[in-house]
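> pasting the structure only:
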């Protein structure tokens, strides 16, 4: 067990966001955090990263209260990739990636060959090696986000947290990042937690899902058990069907029209074109 959450309540001032959460994450798990907008996914990730103190309850990291863990030790243990990361200063992309090595450097120490190798490896893994000399302020949003993911990997963390970290990437790059996370999860026993909107991406890669709604955790279980038509339709208040892909055998979800008439929309569109 690397993370334990006990009777956790989170919020901002007087506004409660999540209440009475209880769960644990074991080493080597790949966990997706799902829920509609405003359900508290980012709030939970921020709390697990030590960026938001609990209003009640506790979070433990490796058996120690998270709030008592030194920030340097937290940074050596976990890395967090936010949904967007505005970097306003003209650092080179390699300089940004090497910022991930700070928690592992001696105080006032210079970069070592090991640091440089870790940075290059992270850039190769995220297909950003060709950007290493480019200014981060002059690359596209998707490229910048992959550089930020490379920075997190350069930390060589035990736990990687992704907060909608691939939402700005195209389809191919999303899959590449999740394939990389899956490989590191299997080969290096990296623990992965990702808050994610893309239900099918979650079903494809996450072996466990935590689902939030109305300030609470409403489901926590193996993807095979909780990724169902009934649960998804209720949580997202949208008609959903879940099936298995005929080639991959993996679960996937399909949204249905809110009107309940699946054949009506194509006819309307056809009439509009004519």
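Noted; the coordinates are in hand. Just so it is clear, the structure is predicted and the values come from calculations on it, not from any experiment.

> so what's the gap between the longest helix seen in the chain and the chain middle?
Assignment by DSSP state H gives helix 171-187 as the longest helix of the chain. Computed by CA atoms, centre = their mean, to the nearest Å, the chain-centroid distance of helix 171-187 equals 12 Å.

> what mean pLDDT does it have?
Regarding helix 171-187, the rounded mean pLDDT is 97.

> next one: stretch 83-94
On average, stretch 83-94 scores 87.

> check stretch 126-143 too.
On average, stretch 126-143 scores 96.

> identify each buried residue in that stretch, please.
126-129, 131-132, 134, 136, 139, 143 (16 or more other CB atoms under 10 Å). (Glycine included, C-beta is placed from N, CA and C.)

> can you check stretch 206-216 too?
Using 16+ other CB under 10 Å as the test for burial, stretch 206-216 gives 206, 208-213, 215.

> where does this protein have low pLDDT?
107-108, 260-274 (pLDDT under 70).

> again, 80 this time
Within the chain, the stretches with pLDDT under 80 are 84-86, 106-109, 260-274.

> do you have the strands of it handy? List them.
Using DSSP state E, the strands of the chain run over 3-12, 15-25, 30-34, 56-61, 64-65, 78-81, 159-163, 191-195, 208-213, 216-222, 240-244, 251-255.

> pretty sure residue 148 is touching residue 81, no?
Yes: at 5.9 Å, residue 148 counts as touching residue 81 under the criterion of CB atoms under 8 Å.

> okay, the buried residues of stretch 126-143 in CSV with distance to residue 50 next?
As requested, the buried residues of stretch 126-143 are exported to CSV (distance: CB to CB, whole Å):
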residue, distance to residue 50
126, 24
127, 30
128, 27
129, 31
131, 30
132, 30
134, 32
136, 25
139, 29
143, 28
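
> just give me the closest of those residues to residue 157.
residue 126 (14.7 Å; CB to CB).

> follow-up on the earlier one: shared neighbours of residue 148 and residue 81, which are they?
residue 165 (CB atoms under 8 Å, 6 or more residues apart in numbering).

> what's near enough to touch the nearest residue to residue 223 once chain neighbours are set aside?
Leaving out its chain neighbours, the residue that sits closest to residue 223 by CB to CB, 6 or more residues apart in numbering is residue 209, at 5.3 Å. Residue 209 is in contact with 31-34, 202, 219-223, 226-227, counting by CB under 8 Å, 6+ apart.

> beta partners for residue 209?
For residue 209, the residues forming beta bridges with it (DSSP bridges) are residue 32, residue 221.

> how near is it to residue 105?
Note on residue 209: its distance to residue 105, by CB to CB, to the nearest Å, is 37 Å.

> likewise for residue 134?
Using CB to CB, we find residue 134 at a distance of 24 Å from residue 105.

> neighbours around the nearest residue to residue 162 once chain neighbours are set aside, how many?
Excluding its sequence neighbours, the residue lying closest to residue 162 (CB to CB, 6+ apart) is residue 194, at 4.0 Å. Around residue 194 sit 27 other residues, with neighbours defined as other CB atoms under 10 Å.
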